[in-house]
Every structure is written in C-alpha cells, then in structure tokens.
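S.K.: this is a predicted model, with the sequence first.
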Amino acid sequence: MLTKTYGSAVQGVNANTITIEVVVSQGTNFYVVGLADNAIKESQQRIEAALKIRGYRMPRTKVVVNMAPADIRKEGSAYDLPIALGILHASQQLTTDKLGDYVIMGELALDGELRPIRGVLPIAIQARKEGFKGILLPRANAQEAAIVNNLDVIPVENMQQAIDFFEGRLAIEPLTLDTRTVFQSTVNQYAADFADVQGQENIKRALEIAAAGGHNVIMIGPPGAGKTMLAKRLPSILPPLSIHEALETTKIHSVAGKLGANASLLTTRPFRAPHHTISDVALVGGGGNPQPGEISLAHNGVLFLDELPEFKRTVLEVMRQPLEERRVTISRAKVSIDFPSNFMLIASMNPCPCGYYNHPEKECVCGPGVVQRYLNKVSGPLLDRIDLHVEVTPVTFDQMTATLKAETSENIQRRVEKAREVQAARFEEFPEIHSNAMMPSQMVKELCQIGDAGRALLKTAMERLGLSARAYDRILKVARTIADLGGSETIELEHLAEAIQYRSLDREGWAG
C-alpha cells in the first residue's frame, strides 16, 4: 500500500515542501531514498522503538521511504514523525484520510515523545503558501508556528496524540496567536538603558548619531572606560522593530535553532557579540548545509566586535562585502543561498597593546612603532566602511558619583525616530536605501551639498589633520545625519565641524 505524508526541508531562510512516500510490500529490509542524510536513515531505530512502546508493530516486510523531490538534500531527525505515521498508514495500522491535509514534523524519542525541531517559522509560512490546512508539530514549537495566521497549528506531545488526532479519537484545538498583540505588548523592551551610564556624554552623542543614520562605529579607549557597556545599550535607542522586520529576524533565528522552546516572535533588535576567536565561517555563515552566521543573526540589529584587532585578519576581511551589500551569499557546488545581513557594526579596541596610549593619567609602556603596528591590524578597507571613530576617555570619580540622572534611552530614541522619519521621506523613491549610511557616492553629492564656507572648512580640516580621501564621503554622510537630528534641511558649519571630529583613525600622526 502506498501512503503519502508531507514534511518540509529548510534551505537558507526558506522552506521546501517534501513529499514522503511510504510503500510496504513483500520482501525484507528498510530503505530510505531521496538524498537523505544519516540522521534520517537512522530513524528506523527510533521509529521501531517508539512504535513498540506505544503498542504498534514495525512491518517485518520490505519498507521503502521515498523523499521527493530527490534533488533536495534532507537533513536532521525532524522527519521521524511523518515517516512513522506513513509506515502505520501503509501497514493499515492507522486509518485516516487527513494525512495529506497537514505538514507533519517532529523528532521521536524512543518512548514516542516528541522533541522540538528548528526552522519551524519558514516551514509554517511555506505550508500556508501551498494551501495546507495546517501543521502538526511538537508542542514546544507551537508558539513559533502560531505566528503564521490562517493555518491550523496542531501541537502534540507524543506520537500517540498524533495518531489519535488523525483517527478522530482526540480533538486538539488549533493554537491561535494574535501576532500584532504579542508584538505590541513586548516590542522595544530592553534590560539595559542609557540612564544607567554616568558621564560619557560625548560617546552617547556619537551613538545617537550612529543610530539616527545607521552608521557603523568604532570606539577607541583604555580598558574600563565603558566601551562594552555603551555598546550593549545601542539597541535600546534604535527605532523599534516593525512587524515585517520582526518576522524576518525571527525566521533567521528559527533556522539557526536560536529561538529556544516555547518561543514566538522576536520583538527586540538582536545584539550579537561573538568572541574574537570566531572563525570566518561562523561569522558569515556556511557549512555543508549552509547555516546563517553571526552577521545574519544580527540582521536588523547590532553586531558588536569587542577588541577588534584581536580578531583574525581573514575573519574581518570577509565582512567587507556584507557590509556593503547588506546580504551574504553562501555558494556550494549544488546550491547558492542568500542570507540577509543588514546590521549595524559597532567595534571597540584599545589604542595600543597595553591599553594606555593617550591615557590622561596612566603611562603607555609600548615601544616605538608598536602602537602603529597594533592599529594596522585593522585594515584600511574595513575602516573605510566605519563612519564614526570615537575616542573614549575614562570616567572621573565625580562623574561616577554624580546624583544627576542621566538621559534615558526612551528620550534619545524619540530623537532618533524623528531623524529616521526624515530619511524615510528622503529615500521614498529608493526602496533599497533606508538610512543616510546606505547612500552611494552619487547620492551623497546630490543630497549632502555644502556652501562655500563648508567647503573651506572641510578643505582646511583635511589638510591640517591629514584626513584621508576616504573620509570625505563619510564626513558628509555623518553631517547629513547630524543635520537631520537638528531638524535642519541644509548642512551647516556646526554639523560639518562635529562630523569632522569623528575621524580619529584617519588623522596622520594619531598614533605617533
């Protein structure tokens, strides 16, 4: 007897429906065909144990499981449940005509309990797109799947519940979730707040400009100056996620298995801070079956690289293209997958190996040329993609013990949102551009025009400070953002002057 059940295979951040055909006929052995990996071929042992414990039998005849289309690689143990139900139906131990109405996924334990799987959100989206009535899956994944409306989400805890549901002995109410209500109730809730930071007003100002224009930032300062603390608070002043951004971000984390059990929609901007020992594949993504890396997990959020010069040179260089294109392409012999990677990069570094170059109180003990060699670990092309270079100085005792309450993230965020609204109107005809940082050079010339006095100031700054040519466009973009924050339609001298000071690493002689 031939039986068909339906599962799903995740490729990139999208899913493809898999038809699982099961035939029980005369002969011996258990065969799985259709480009399945070892985890799927090993499912025979899990299925057989689960069936026996639940009082069913594994056919002692020839069982052929075909997973179509055969040119798509199937991986993982999430196909245990649809294969088991297909075997029961093909061997006439399960009587139902509803198997074809649902996408079925779940990993079986030896006692028939169901374990959670990854990639549920793109699977549910694809199931609705292809017109399935619903999706049957482990209860731990139900909240995530329920984000998708107009799809019956049937949560089950074990194989027996799935069998009883299909045979009509158990009525399971589909799990429903008001996505917008869940989103609105938890959006923009961050544990860290700029109100906790005493002093460092110039750094807060720089991060506000970065958030308003989507600019990348590098902070240079001695140990203990507060670089990491400030970076962790950056997401709290970025504009709140839209429902579309939240779904897009959740899909990536679902595919990577980062959501956890009983999770649903991500409503806060991600903040990823990989260790400096990370490999290039872990950063940009990859593997035999390509998985998203840290830059994709930071999509619509912040990627924080602490101690930037300590990262391997190859790791930093692979970020150059994603920073420009806002996506990363992972190519393999048979497949090429795009992962989105529209993130803000914020990096921090010490000014020298000992950490105290230019420190107001402590003396640097690094030898001649050591500071410059240390800074040269960060390549010019990568610095070219970082708009703001900010020097962080230690907080004084008086600032730390001040009783004056610092400005909250909420207040700063309101100013950032107003500036982003101005940019949204400016780039209305350019759907691929969302912020000033994304402007190409030609658009900078059109939208960042300055008067004669501004040109004279910029020329003087570039000559006296020895600023590099790459700093020119960056200064104009940042000045445009500062003007937007100030509600000015034109770039004034004070906007340019403030933007010029954020090019520390481009100055000749900055490191001696």
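M.R.: The structure has been received and is ready for your questions.
S.K.: residue at max distance from the center of this structure?
M.R.: In the chain, Q26 marks the outermost C-alpha relative to the chain mean, sitting 49.9 Å out by Cα atoms, centre = their mean.
S.K.: so that one makes contact with P59?
M.R.: No: here Q26 does not reach P59: they are 10.6 Å apart, not a contact under Cβ atoms under 8 Å. Glycine gets a C-beta too; all of them are placed from N, C-alpha and C.
S.K.: longest strand in the protein, please.
M.R.: When the chain is parsed with DSSP state E, its longest strand is strand 14-25.
S.K.: within the sheet, what are the partner strands of it, with directions?
M.R.: Sheet pairing of strand 14-25 (DSSP bridges) gives strand 2-11 (antiparallel), strand 62-68 (antiparallel).
S.K.: can I get the ones you listed in CSV including distance to L35, mean pLDDT and mean neighbour count?
M.R.: Below are those laid out as CSV (distance: least, Cβ to Cβ, whole Å; pLDDT from 0 to 100; neighbours: other Cβ atoms under 10 Å):
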stretch, distance to L35, mean pLDDT, mean neighbour count
strand 2-11, 10, 95, 21
strand 62-68, 7, 96, 19
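S.K.: quick one on the thing from earlier: which outside residues touch the longest strand of the chain?
M.R.: Residues from elsewhere that reach strand 14-25, judged by Cβ atoms under 8 Å, 6 or more residues apart in numbering: 1-10, 59, 61-69, 72, 74, 79, 82-83, 86-87, 89-91, 103, 119, 122-123, 125-127, 130.
S.K.: so which bits of that strand are buried?
M.R.: Across strand 14-25, burial judged by 16 or more other Cβ atoms under 10 Å covers 14-18, 20-24.
S.K.: now swap in stretch 359-372 and tell me
M.R.: Buried residues in stretch 359-372 (16+ other Cβ under 10 Å): 359, 364, 366, 370-371.
S.K.: so which of the residues you listed is the closest to H215?
M.R.: Closest approach to H215 among the buried residues of stretch 359-372 (Cβ to Cβ): V371, at 25.7 Å.
S.K.: what bridges to the residue lying closest to L99 once chain neighbours are set aside?
M.R.: Among residues not flanking L99 along the chain, T5 sits closest, at 5.2 Å (Cβ to Cβ, 6 or more residues apart in numbering). Counting by DSSP bridges, T5 is bridged to I20.
S.K.: in contact with T5: list those residues for me.
M.R.: So T5 contacts 20, 22, 82-83, 85-86, 89, 99-100, 104 (Cβ under 8 Å, 6+ apart).
S.K.: what about the strands in the stretch 351-500 of the chain?
M.R.: Taking DSSP state E, counting those that start in this stretch to define them, one finds strands in the stretch 351-500 of the chain at 388-391.
S.K.: any weak-confidence spans in it?
M.R.: Applying pLDDT under 70 to the stretch 351-500 of the chain flags no residue at all.
S.K.: quick one: the helices in it?
M.R.: Secondary structure of the stretch 351-500 of the chain, counting by DSSP state H, counting those that start in this stretch: helices at 370-375, 380-383, 397-400, 409-426, 441-447, 452-464, 471-485, 493-500.
S.K.: generate JSON lines for the ones you listed, with distance to A49 as supplementary columns.
M.R.: Shown next, in JSON lines, are these (distance: least, Cβ to Cβ, whole Å):
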{"stretch": "helix 370-375", "distance to A49": "58"}
{"stretch": "helix 380-383", "distance to A49": "53"}
{"stretch": "helix 397-400", "distance to A49": "61"}
{"stretch": "helix 409-426", "distance to A49": "52"}
{"stretch": "helix 441-447", "distance to A49": "63"}
{"stretch": "helix 452-464", "distance to A49": "73"}
{"stretch": "helix 471-485", "distance to A49": "61"}
{"stretch": "helix 493-500", "distance to A49": "66"}
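S.K.: can you tell which of those helices is closest to Q184?
M.R.: Taking Cβ to Cβ, helix 409-426 is the member of those nearest to Q184, at 16.2 Å.
S.K.: and the closest one, what does it pack against?
M.R.: The elements that helix 409-426 packs onto, with contact taken as 3 or more Cβ pairs under 8 Å, 6 or more residues apart in numbering; DSSP states H and E, are helix 201-213, helix 471-485.
S.K.: how far is stretch 318-328 from where the chain is centred?
M.R.: In this view, stretch 318-328 has its centroid 14 Å away from the chain centroid, taken as Cα atoms, centre = their mean, to the nearest Å.
S.K.: got a list of contacts for it?
M.R.: Residues outside stretch 318-328 that contact it (Cβ under 8 Å, 6+ apart): 216, 280, 283-285, 293, 295-296, 338-342, 345, 381-382, 385, 438.
S.K.: end to end on it, go ahead and measure it.
M.R.: One end of stretch 318-328 sits 10 Å from the other (Cα to Cα, to the nearest Å).
S.K.: please apply the same query to stretch 99-114.
M.R.: Using Cα to Cα, the end-to-end distance of stretch 99-114 comes to 18 Å.
S.K.: ok so, going back, out of the helices of the stretch 351-500 of the chain, which is closest to L110?
M.R.: That would be helix 409-426 among those, by Cβ to Cβ, at 48.9 Å.
S.K.: tell me the angle that closest one makes with helix 471-485.
M.R.: Inter-element angle recorded for helix 409-426 and helix 471-485: 110 degrees (by axes from the mean of the first three to the mean of the last three Cα atoms, to 10 degrees).
S.K.: now what about helix 409-426, what contacts it?
M.R.: The contact list for helix 409-426 (Cβ under 8 Å, 6+ apart) reads 188, 190, 193-195, 204, 208, 211-213, 233, 236-240, 434-436, 447, 481, 484-485, 487.
S.K.: switch the cut-off to 6 Å
M.R.: The contact list for helix 409-426 (Cβ atoms under 6 Å, 6 or more residues apart in numbering) reads 193-194, 208, 211-212, 236-237, 239, 435-436, 484-485.
S.K.: list the buried residues of that helix.
M.R.: For helix 409-426, the neighbour count (16+ other Cβ under 10 Å) marks 409, 412-413, 415-416, 419-420, 422-423, 426 as buried.
S.K.: can you redo the residues you listed as TSV with distance to K477?
M.R.: Putting the buried residues of helix 409-426 into TSV (distance: Cβ to Cβ, whole Å) gives the following:
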residue	distance to K477
S409	24
I412	20
Q413	21
R415	18
V416	16
A419	13
R420	15
V422	14
Q423	11
R426	12
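S.K.: from those, which two are the most distant?
M.R.: Across those (Cβ to Cβ), the longest gap, 25.2 Å, separates S409 and R426.
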